[in-house]
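Enquirer: Sequence plus the predicted model coming up.
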Amino acid sequence: MEVKLTQEDIPEILRYLAYKDQYLDEELKKQVLDCMEKVNKAAEPKEIYKVFKMEKGNIPKELYFLTGEEIKKHLNGCNEIIIMAATLGVKVEKVMMREQIKNMSNALIMDSCASVLIEAVCDTFESKIRKNISKESKFLTTRFSPGYGDLPIEIQKEFCNALNATKTIGLTVSESGIMIPRKSVTAVLGISDYPVKKNKRTCNECNLKGSCRFRKNGVGCSE
Amino acid sequence: MNNIIFLDGGMGTMLQEAGLKPGEHPEEFGYNNPQIVKEVHKKYLKAGSDVLYANTFGANSHKLRGCNIDTKTAVFSGIKIAKEAIKEFKSEIKKEDNDLGQKSNKGQRVALDVGPIGELLEPLGTLSFEEAYEVYKEVMVAGKDAGADVIVIETFTDLLDAKAAVLAVKENTDLPVWVTMTFEESGRTFTGTTVESMALTMTGLGVDGIGVNCSLGPKEILKFAKILKEWTNLPIIIKPNAGLPDPATGEYMLKADDFGTEMLEYLPLEVDILGGCCGTNPQYIKSLVDKVNGYKKENSVDNSVGKEVETSTIKNGVCSSTNVSRFGGVRVIGERLNPTGKKRFKQALVEHDYEYICRVALDEEEAGADILDVNVGVPGADEKSLMVDVIKELQGIVSIPLQIDSSNPDVIEAALRVYAGKPIINSVNADDEKLEAILPLAKKYGAAIIGLALDESGIPQTAEGRFEKAKYIMDKALAYGIKKDDILIDCLTLTVSAQQNQAKETLKAVNMVKEQLGLHCTLGVSNISFGLPARKHITENFLVQAMYCGLDFPIINPNVLSLMDAVASFKVLSCEDDNCNNYISRFSDRVETVTISNQNGTKNVNDKNSKSSENNGDRSNGKEKVEDSKDSEESPIKTAVLKGLAEETKRLSVELLEEKTEIEVINEFLIPALDEVGVLYEKQKIFLPQLINSANAACAAFDMIKDRIANRGGESVSKGKIIVATVKGDIHDIGKNIVKVILENYGYKIIDLGRDVPVEKVVDTVLAEDVKLVGLSALMTTTLPAMKETIVEVKKVAPNCKIWVGGAVLTPDYAKEIGADFYARDARESVDIAKKILG
């Protein structure tokens, strides 16, 4: 599955850069396009997932690390759980490290490009699953990641172990719980026999309590 | 055909079938259920395995965290179970007296199975080489004590990680060691290590077998086995998965019978050691053993001849983890990472400004250097720790192999340890004391080595004299077991303006060493022209003559275009550049406007795509120049900064310096321009990339000014020192680096401690450098405690030192709560804080 950044991703890339309708001259537009190209070239997206059965509506023992109230709410009414991980790989990290030395603003733009790309990889993965299960008249929840709501971000290690993600997609977790390569995502999705209503998250229940990138830029993650 | 050694197959899936739960550690499970593991081993023995991998793959202190057993217990348990399995198997087979009987006489062996720690090493990750070594050392010592017959380092994806493990074996046990790594379809591991790099590095380190495990199925791995055969003489180990996994179920798709059949493809390649990895079970191994034995009966050939001949056709070279520079042609060694005669570089070393050093290295790589010489010798500085730091930084940034340039054996060894690849050592000479100190290091770490054709009594004045020294070095190196193809001789370039007749002697010596000894030759080429005007002509001429005489490793400045052009041209004439392909692609777009000017006959060559222009500090993305807008009220330099035009800003600053001092240019032009950019940013008239582009533009001018001051030997302009660091555990440093760029432009001296910075390092630097302002960044909630701890510790020893913090997860309230003096929302606010504290 080849996921690449396209022209349509530019507004989102700019949003990550806290862009607020400033005048963009041709040079800057070209700079963004060049950075997109570099990220497209260096990224090697890989993803892995596993499906688990819910045990009488509860999270199965294998996924003991999925704690807190929010994830339960998210999976309410589901029969199955998908846990997934995706990464852009090490190469793009290296290219961005080099770019930080050569040209800091390129590096910054590429960082945003990579953030948008990893989301796009996850979106593509999600829509593929959605399509598959809709054939069986089943429904998929949205993605819920460690760090959302009260699901602790400290579970990344257990999460990745459950997917054998180091061996399968080269995703590691550092001693302090950070995923490396940095441009990586883990997430939980639920499968239900009935349409699932999207739980609107609020900042009150969130670990980040309004300190996230979105709030700082005056938007939310849930709209 | 050699005797094939059969390994076992997968362990994990077998244990899962026997009750191992997801998330449970196989080593702890084995400790609690030795009988289950023993039965798996016995099934493999019955299938025909000669070597059992003990159930110790994850038996290290990091992976066993949270378990009830420690490394030693896990290793001892794993080895003991495997040994018992062999013992029981043998006694059971003897009783049965069937066709399996012969197996009881075979010497089945137990391997300590060592998997990676599972965390990425610096600089991408946070695990240091030294920590990794200690973790592996504990495992290896336990394996030796438990009585393992061989140590297998497997499923590694990072060459440096594997090197740490190999050194841990070699330095703490006498056991044979095999190394297998895991590759993607592309021929690279997840971290970018190539099959060739693994072959060169591991062969150099003196392991006893190398190969590939896991990754893919037998069919896909075959091409890697072929590459390995081209690059090493060592026995090859292949332990593939049962084909590729079904994307939906994760189950491996190759059947046992087909596995055995596909593995037969390895026999004509003379691959000696075969087994299975994920998805394989005893049936697969039985299929493998049966098919191989059947094949051998049908194809019994005498293979006792021909082995020796092969040796000479093995490819050689030096490598980083991601790139090989193959020997057998002209390879340019970049000379610029050297403080000799370069004040700016010296200053960067003294100030630990590794970013500057990396930038020079990148310039060299992009100009086409094949290998980079690294010399950090500055009087009064600790060469060893500098060398280690610089090597670690460089190998995270540049992709070409490095050459360790020092005469101090301690420094050389420290660098060899942490280098992820096969480097060159520069250098030894014919002095016995040097040879005896450095040659063993080259042997142990598998490095190539440069020998200077001189000894303690000096440089011989004749070609014959230098040839003698070269021969002496060669004989010594060969006696230490260093390969001939890894020896490079430097016949020494003497300055032609001082000793004119010596140039011919050098060239003659090169020719003799090449022709009569068959060794590689290197020369520090540019030394020839020292003291003469228009040096590049002499240098280029000497370079071409020397290459003709046999110089294949010229040490030059790759950013001098004419020298690289000379190398490219030489490669056409020597037939190295097949069909002139590289020459054509190098020059086809080049527009050379040659103007023969006045009677001096000086030539001006303007190259449209001249790579050397990058060397002028132009990091502006080749943006167009602004026209001088005469009607504008702004000063041109301000316009250039606002538009982010680096080259233009620099050019205008140079012009201003004709009338004004450096300080005046900074305070009257550059800083006001940056202030205005800052205001525009605050008013949201421009956004962050534009702010940084402007900072970059100003930076080009600042760099030029720094160079001028350094060359004059003057003190650098500084408004005060500031430490910036991303706290322990965190590796998100882009925000910190942006802050650094902006603050530097305001004339502050930034001490960048990098990312994942231990608390002590911040504290020590605050004290050592008497720093009054520290900026800390963290991007993860998980690393905020480390930020708090850093603040507390700094305040303990330096209560007057102010600390400001920033990063995605921080808020002004939280900053206050953890004891920070200031919170900065962005880089711009950091400037205000710095101004407030330092002025």
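Expert: Done, it's in.

Enquirer: is the residue nearest to residue B:201 when sequence neighbours are not counted in a bridge, and if so with what?
Expert: The shortest distance from residue B:201 to any non-neighbouring residue, by C-beta to C-beta, 6 or more residues apart in numbering or on different chains, is to residue B:422 (5.1 Å). In short, each C-beta sits where N, CA and C put it, glycine included. With DSSP bridges as the criterion, residue B:422 is bridged to residue B:319.

Enquirer: Run a quick neighbour tally on residue B:422.
Expert: When neighbours are defined as other C-beta atoms under 10 Å in any protein chain shown, residue B:422 has 30 of them.

Enquirer: need the contact list for residue B:649.
Expert: B:637, B:640-641, B:697-698, B:700-701 (C-beta atoms under 8 Å, 6 or more residues apart in numbering or on different chains).

Enquirer: got the residues you listed as TSV, with pLDDT and distance to chain A columns?
Expert: Shown next, in TSV, are the contacts of residue B:649 (pLDDT from 0 to 100; distance: C-beta to the nearest C-beta, whole Å):
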residue	pLDDT	distance to chain A
B:637	91	18
B:640	92	13
B:641	92	13
B:697	91	10
B:698	90	12
B:700	89	11
B:701	91	16
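
Enquirer: Farthest pair within those?
Expert: Farthest apart among these by C-beta to C-beta are B:637 and B:700. That separation is 11.4 Å.

Enquirer: gap between the two ends of stretch A:2-17?
Expert: 25 Å (C-alpha to C-alpha, to the nearest Å).

Enquirer: tell me the mean pLDDT for that stretch?
Expert: For stretch A:2-17, mean pLDDT is 92.

Enquirer: With adjacent residues omitted, what lies nearest to the residue in the stretch 401-550 of chain B positioned nearest to chain A?
Expert: Relative to chain A, the nearest point of the stretch 401-550 of chain B is residue B:420 (12.6 Å; C-beta to the nearest C-beta). In this structure, residue B:420 finds its nearest non-sequential neighbour in residue B:160, 3.8 Å apart by C-beta to C-beta, 6+ apart.

Enquirer: that older thread, name the SS class of the residue of the stretch 401-550 of chain B closest to chain A, please.
Expert: Here residue B:420 is recorded as coil under DSSP: H, G, I helix; E, B strand; the rest coil.

Enquirer: Over to residue A:187?
Expert: Put simply, residue A:187 is strand when judged by three-state DSSP.

Enquirer: ok, which stretches of the stretch 151-300 of chain B are helices?
Expert: Using DSSP state H, counting those that start in this stretch, the helices assigned to the stretch 151-300 of chain B run over residues B:159-172, B:195-204, B:218-231, B:256-263, B:282-298.

Enquirer: contacting residues for residue B:545?
Expert: Counting by C-beta under 8 Å, 6+ apart, residue B:545 makes contact with residue B:507.

Enquirer: Any buried residues in the strand or helix carrying it, and which?
Expert: Assigned by DSSP states H and E, residue B:545 belongs to helix B:535-549. Residues of helix B:535-549 classed as buried: B:536, B:538-540, B:542-547, B:549 (neighbour count, 16 or more other C-beta atoms under 10 Å in any protein chain shown).

Enquirer: Switch the residues you listed over to JSON lines, and while doing so, append pLDDT to every line.
Expert: Output for those, formatted as JSON lines (pLDDT from 0 to 100):
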{"residue": "B:536", "pLDDT": "91"}
{"residue": "B:538", "pLDDT": "96"}
{"residue": "B:539", "pLDDT": "97"}
{"residue": "B:540", "pLDDT": "97"}
{"residue": "B:542", "pLDDT": "98"}
{"residue": "B:543", "pLDDT": "98"}
{"residue": "B:544", "pLDDT": "98"}
{"residue": "B:545", "pLDDT": "98"}
{"residue": "B:546", "pLDDT": "98"}
{"residue": "B:547", "pLDDT": "98"}
{"residue": "B:549", "pLDDT": "97"}
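
Enquirer: if I look at residue A:143, how far off is chain B?
Expert: According to C-beta to the nearest C-beta, to the nearest Å, residue A:143 and chain B sit 19 Å apart.
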